[in-house]
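Chemist: Structure, please.
(one chain, ligands or ions: 1)
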Amino acid sequence: ATAQGVLEVEGLSASYGPVKALDGVTLRAEQGRITAVLGANGAGKTTLLRTISGLVRPTAGRVLLNGEDVTRSPVEAMVTKGMSHVPEGRGVIAELTVDENLRVGSLFRGKVGQDEFDRVYDLFPRIKERRTSTAHTLSGGERQMLVIGRALLARPKLLLLDEPSLGLAPRIVAQIFALLRRLVDTEGLSVLLVEQNARSALSVADTGVVLNLGRVVVTDDAHRLAGDEDLRHAYLGF
Ligand code: ATP
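Modeler: A predicted model of the protein is given here:
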């Protein structure tokens with residue numbers, strides 16, 4: 001199959017001072033697919049997303065979005081071009097309500113109409129129920145849904161997700177991943193999903209990319225990766 005690469009990363013390298021966090025990473029995220037980036041703590045997963053989205057400057061390599069070279073474009077330009085990054089940590093403004101958090105989030109995403117808010121509430125009924133609650137009262141899962149919903153307001157073509165499962169109960173992780181799958185299958189959204197929870201990520205992803213010490217070890221069909229016991233033991237922790 002020659003699905004179109006919405007995102008193409010070519011030979012991307014990035015360093016923090018003397019620490020080389022990414023070393024020549026090449027991968028692609030295809031239209032209407034979930035691509036999981038897996039690997040242990042410190043493998044470079046977060047740095048990869050931050051470099052793709054323009055928060056970290058690469059020392060080498062290119063990032064192409066729908067064929068356009070966007071390497072070193074500022075974050076705001078990436079949003080306009082259809083990329084939305086959900087960083088790890090579920091950052092919301094604790095004192096504001098769910099609805100206010102969505103509205104504040106929308107300010108950075110160009111013109112967002114009421115129908116976009118309605119759509120996000122339809123996607124996350126639980127968030128709709130909690131829309132007048134203060135964000136600090138949300139559970140971890142609700143917070144994660146809120147930050148994903150916020151990222152979806154501007155109808156991105158490509159969603160970069162950093163460790164959405166972290167610290168959540170398996171049942172909640174399954175709910176969030178099922179929703180991602182639905183968005184990908186019904187709306188053609190493309191997702192680059194960074195996860196340390198390789199078992200769950202591979203169960204929802206189409207393709208997996210395993211990173212170790214800033215390099216790609218292997219890229220393969222998600223089912224095949226999940227079935228590779230040696231690889232699982234060496235890099236995936238399950
Ligand atoms: P985690 O799941 O813990 O976030 P990761 O796979 O996302 O791990 P990165 O956070 O990208 O890995 O880290 C890659 C390497 O870069 C590690 O060696 C890490 O110690 C280093 N590193 C990450 N952020 C910084 C920073 N701000 N300053 C210096 N070194 C950093």
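Chemist: secondary structure class for the residue positioned nearest the centre of the chain?
Modeler: In the chain, the residue lying closest to the centroid (C-alpha atoms, centre = their mean) is Leu161, at 1.5 Å. Three-state call for Leu161 (DSSP: H, G, I helix; E, B strand; the rest coil): strand.
Chemist: ok, it - contacts?
Modeler: Leu161 makes contact with 86, 148, 180, 191-194, according to C-beta atoms under 8 Å, 6 or more residues apart in numbering. The way it works is simple: take the backbone N, C-alpha and C, and place the C-beta from them, glycine included.
Chemist: Mind putting these into a markdown table with pLDDT and distance to Glu8?
Modeler: Converted to a markdown table, the contacts of Leu161 look like this (pLDDT from 0 to 100; distance: C-beta to C-beta, whole Å):
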| residue | pLDDT | distance to Glu8 |
| --- | --- | --- |
| Val86 | 92 | 21 |
| Ile148 | 95 | 24 |
| Leu180 | 95 | 21 |
| Val191 | 98 | 15 |
| Leu192 | 98 | 11 |
| Leu193 | 98 | 17 |
| Val194 | 98 | 17 |
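Chemist: neighbouring contacts of the helix or strand of the chain with the lowest mean pLDDT?
Modeler: The helix or strand of the chain with the lowest confidence, counting by mean pLDDT, DSSP states H and E, is helix 75-80 at a mean of 86. Contacts with helix 75-80, where a contact means C-beta under 8 Å, 6+ apart, come from 53-55, 65, 70, 85, 108-110, 154, 156.
Chemist: make it 6 Å
Modeler: 53-54 (C-beta atoms under 6 Å, 6 or more residues apart in numbering).
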